[in-house]
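Engineer: Prediction below, plus the sequence it came from.
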Amino acid sequence: MTDRRGVVAKRAENLMPGVPYVRGWAQARRGADELAAQLTALGLESDFPGLTADVNVSGDGLVRLGTIRPEAAMMLAELIVSGLAAEMPTHAETSMHEAGGARHTSTAA
């Protein structure tokens, strides 16, 4: 069973010629390292002991969180929601400035 992004494709246990496994794994490693750095900055690294980079049979990089406690999953969800909420006013303000600029430009023309 594979979703449209191949995330649930099987792990690459037996490598096949011509599949760019190293490229996918390197991309996953960069993602896992960035996530680990942010979790460490928040003091949450011990809540994600299984955080690793991996690759699937198609050569797509995967970041595995590993088995985590329900509380850790809830904390991660809350952090994502908080980050999105913090971005919303900034994004809305930028959109309003762009729309205002476009209106101003069109009325001057």
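Structural biologist: Right, received. Where do you want to start?
Engineer: This protein: helices as residue ranges?
Structural biologist: With DSSP state H as the criterion, the chain has helices at 21-41, 70-108.
Engineer: ranking those by mean pLDDT, which is last?
Structural biologist: Mean pLDDT is lowest for helix 70-108 out of these, coming in at a mean of 74.
Engineer: Test my guess that R64 contacts L51.
Structural biologist: Yes: with contact defined as C-beta atoms under 8 Å, R64 reaches L51; the gap is 7.1 Å. To be clear about C-beta, it is placed using only N, CA and C from the backbone, and glycine gets the same treatment.
Engineer: Neighbour count for these two, which is higher?
Structural biologist: Higher neighbour count among R64 and L51: L51, with 17 against 14, using other C-beta atoms under 10 Å.
Engineer: how close does the more buried one get to A28?
Structural biologist: From L51 across to A28, the span is 11 Å (C-beta to C-beta, to the nearest Å).
Engineer: Mutual contacts of those two, please.
Structural biologist: Jointly contacting L51 and A28 under the rule C-beta atoms under 8 Å, 6 or more residues apart in numbering are V63.
Engineer: What is the neighbour count of I68?
Structural biologist: I68 - counted by other C-beta under 10 Å - has 16 other residues nearby.
Engineer: ugh, wrong one, Q38
Structural biologist: Neighbourhood size, Q38 [other C-beta under 10 Å]: 12.
Engineer: And for V19?
Structural biologist: Count around V19 with other C-beta under 10 Å applied: 16.
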